[in-house]
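>>> can't give you the sequence, but here's the structure:
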């Protein structure tokens with residue numbers, strides 16, 4: 001996931017490590033953090049593999065040297081591969097993060113790649129919605145004890161269903177919007 005982010009950000013232009021970390025921190029929100037201990041080894045691996053280049057600025061106004069990263073043709077190819085990889089239901093929230101990152105970089109891939117990503121995400125949303133409605137139906141029909149917990153669980157599932165319905169509607173509209181676009 002972080003490889004996609006780094007390569008995607010470098011598709012937009014050269015960046016230094018601190019800027020990448022700052023943009024990523026704001027992209028994933030308060031729930032997750034990326035540490036320097038995760039980002040900088042990834043940047044080193046991408047540099048070693050030839051997917052990005054490292055340039056060192058002589059000296060910044062603060063007296064420190066700054067490392068600037070730039071994507072290479074091999075990095076662009078890897079970026080396209082990552083964008084074309086199917087979305088798969090995964091760990092809690094992981095699929096959603098990957099989907100969000102992919103959406104940010106849609107302008108760098110072909111229409112068919114964007115549509116495939118949106119359609120995969122729509123199937124995941126619909127599958128999750130089906131699981132929620134199935135379990136909600138079970139709770140309504142079987143009425144397991146304790147009653148207070150069952151009632152609260154039904155409230156939770158109502159919330160999840162409403163969120164899913166909104167997501168499904170938005171993704172469906174986005175698919176239609178992209179289908180009617182020129183390349």
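Nice, thanks for sending it over. On a predicted model such as this, the values are computed, not experimentally measured, just so you know. Residues are numbered from 1 along each chain as shown.

>>> can you show me the strands along this structure?
Remark: strands of the chain, listed N- to C-terminal, are 15-16, 52-57, 66-71; assignment by DSSP state E.

>>> can you give me the mean pLDDT across the second one?
Strand 52-57 comes out with an average pLDDT of 90.

>>> ok, the shortest one next?
Strand 15-16 shows an average pLDDT of 90 in the prediction.

>>> for that strand, which outside residues touch it?
Taking contacts as CB atoms under 8 Å, 6 or more residues apart in numbering, the residues outside strand 15-16 that touch it are 9, 23, 66, 67, 68, 69. Quick note: C-beta positions are derived from backbone N, CA and C, even for glycine.

>>> okay, now the domains of the protein?
With automatic domain parsing serving as the domain definition, the record reports that the chain contains domains spanning 1-109, 111-183.

>>> let me have the ones you listed in JSON lines, adding mean neighbour count as columns.
Shown next, in JSON lines, are these (neighbours: other CB atoms under 10 Å):
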{"stretch": "domain 1-109", "mean neighbour count": "15"}
{"stretch": "domain 111-183", "mean neighbour count": "13"}
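
>>> and the ones you listed, which one averages the lowest pLDDT?
Per-segment mean pLDDT for the domains of the chain reaches its minimum on domain 1-109, at a mean of 87.

>>> ends of it, how far apart?
Distance between the two ends of domain 1-109: 17 Å, counting by CA to CA, to the nearest Å.

>>> chain center to that domain, what's the gap?
The gap between the average C-alpha position of domain 1-109 and the chain average comes to 12 Å, counting by CA atoms, centre = their mean, to the nearest Å.

>>> residue 121 and residue 87 touch, don't they?
Yes: with contacts defined as CB atoms under 8 Å, residue 121 counts as touching residue 87 at a distance of 5.6 Å.

>>> mutual contacts of these two, please.
Here residue 121 and residue 87 have 95, 99 as joint contacts, going by CB under 8 Å, 6+ apart.

>>> this protein: helices as residue ranges?
Taking DSSP state H as the criterion, the chain carries its helices at 2-11, 17-28, 36-48, 73-84, 94-104, 111-142, 147-179.

>>> tabulate those helices (CSV), appending distance to residue 62.
Compiled in CSV, the helices of the chain are given as follows (distance: least, CB to CB, whole Å):
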stretch, distance to residue 62
helix 2-11, 23
helix 17-28, 11
helix 36-48, 18
helix 73-84, 29
helix 94-104, 30
helix 111-142, 40
helix 147-179, 43
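
>>> out of these, flag the one nearest residue 54.
helix 36-48 (5.1 Å; CB to CB).
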